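Asks: One predicted model, sequence on top.
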Amino acid sequence: MTAAQRKPLKQKAQVRTNTTRGSVCKIDVPAVKFSDLWDNYVTGEPYRDAKTGGVPPGFGNQCAIRMSVTLHKVGIEMKSFTPANVSVKPGHQFGRILMGGRYTAVLADQMGSWLSKHPFCGLRRTEDITGRDWESKVKGRTGIIMFDSYWSRSSDSAGDASGGHIDLWNGSRLTISGPINSIATVGRMFGMNSLFPGSSFGFSDLGDSKKILFWEVK
């Protein structure tokens, strides 16, 4: 276990007010580094039924949950992940659960909406890199990336994909969080954009995303 994994960053500070008009107070809050996120990234399905140990129905895709728990591990409590700070698509509901007593995002697009508010130090401005050339725009850079509406859920109508994905980007690839994800990540590294899209063991083309957002974290 690395030092980054053992010691969460301090991401909050208390400030005393004063009566001096126009005064400025410097707050010493360390910026989150990409290495903090990468070293602490949570794999698999962290959200499970406490009684059975299985993945609850409807929670087979846990990318937003993994990202949330990763942030928890480095000291980001996500207290501001509330309906007031998240845009919800028409016809959808605000998705949030508690993990370890902390707010946890359920949907990739809603977590992306929250990240666009720049809720912690070290997260750079939101970049819209939508397009089939998205990879060339972030090659050699590190951060968090969100793909919106590129794969179809069972409830989606034809041609109206709503499934998304949120992940870490290390400059050349996404994380490897499980068996299926490893196939997708390695396949994409070798130029395979999709494999049996729509199946439980395949993966869809990220380039088909209706929106791709990137937040650089150095």
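Replies: It's in.

Asks: OK, contacts around the residue nearest to Val29 when sequence neighbours are not counted?
Replies: With Cβ to Cβ, 6 or more residues apart in numbering as the measure, Cys121 is the residue that lies nearest to Val29, at 5.2 Å, once sequence neighbours are left out. No exception for glycine: its C-beta is placed from N, CA and C like everyone else's. By Cβ atoms under 8 Å, 6 or more residues apart in numbering, the contact list for Cys121 reads 11, 29-32.

Asks: Then Val106?
Replies: For Val106, the contact set (Cβ under 8 Å, 6+ apart) comprises 59, 64-65, 95-97.

Asks: Which ChimeraX command selects the buried ones in those?
Replies: To isolate the buried members of the contacts of Val106 in ChimeraX, using 16 or more other Cβ atoms under 10 Å:
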select :64,65,95,96
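
Asks: Format the contacts of Val106 as TSV; extra columns: secondary structure, pLDDT and distance to Pro83.
Replies: Below are the contacts of Val106 laid out as TSV (DSSP: H, G, I helix; E, B strand; the rest coil; pLDDT from 0 to 100; distance: Cβ to Cβ, whole Å):
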residue	secondary structure	pLDDT	distance to Pro83
Phe59	coil	95	20
Ala64	helix	98	16
Ile65	helix	98	18
Gly95	coil	98	10
Arg96	strand	99	9
Ile97	strand	98	14
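
Asks: Just give me the closest of the contacts of Val106 to Leu107.
Replies: Gly95 (4.5 Å; Cβ to Cβ).

Asks: ok, that closest one to Val29 distance?
Replies: As judged by Cβ to Cβ, to the nearest Å, Gly95 and Val29 stand 28 Å apart.

Asks: which one's the longest strand in the protein?
Replies: Counting by DSSP state E, the longest strand found in the chain is strand 143-151.

Asks: so what strands line up beside that one?
Replies: strand 163-169 (antiparallel), strand 211-216 (antiparallel) (DSSP bridges).

Asks: pLDDT averaged over stretch 103-110 - what is it?
Replies: Stretch 103-110 shows a mean pLDDT of 98.

Asks: Off-centre distance for that stretch?
Replies: Its chain's C-alpha centre and that of stretch 103-110 lie 8 Å apart, by Cα atoms, centre = their mean, to the nearest Å.

Asks: Can you measure across that stretch, start residue to end residue?
Replies: End-to-end distance for stretch 103-110: 13 Å, by Cα to Cα, to the nearest Å.

Asks: And stretch 135-146, by the same measure?
Replies: The first and final residues of stretch 135-146 sit 12 Å from each other (Cα to Cα).

Asks: what comes up buried for that stretch?
Replies: Across stretch 135-146, burial judged by 16+ other Cβ under 10 Å covers 135, 138, 141-146.

Asks: Check the residues you listed against Glu77 and report the nearest one.
Replies: For the buried residues of stretch 135-146, the minimum distance to Glu77 (Cβ to Cβ) is 17.0 Å, reached by Ile144.
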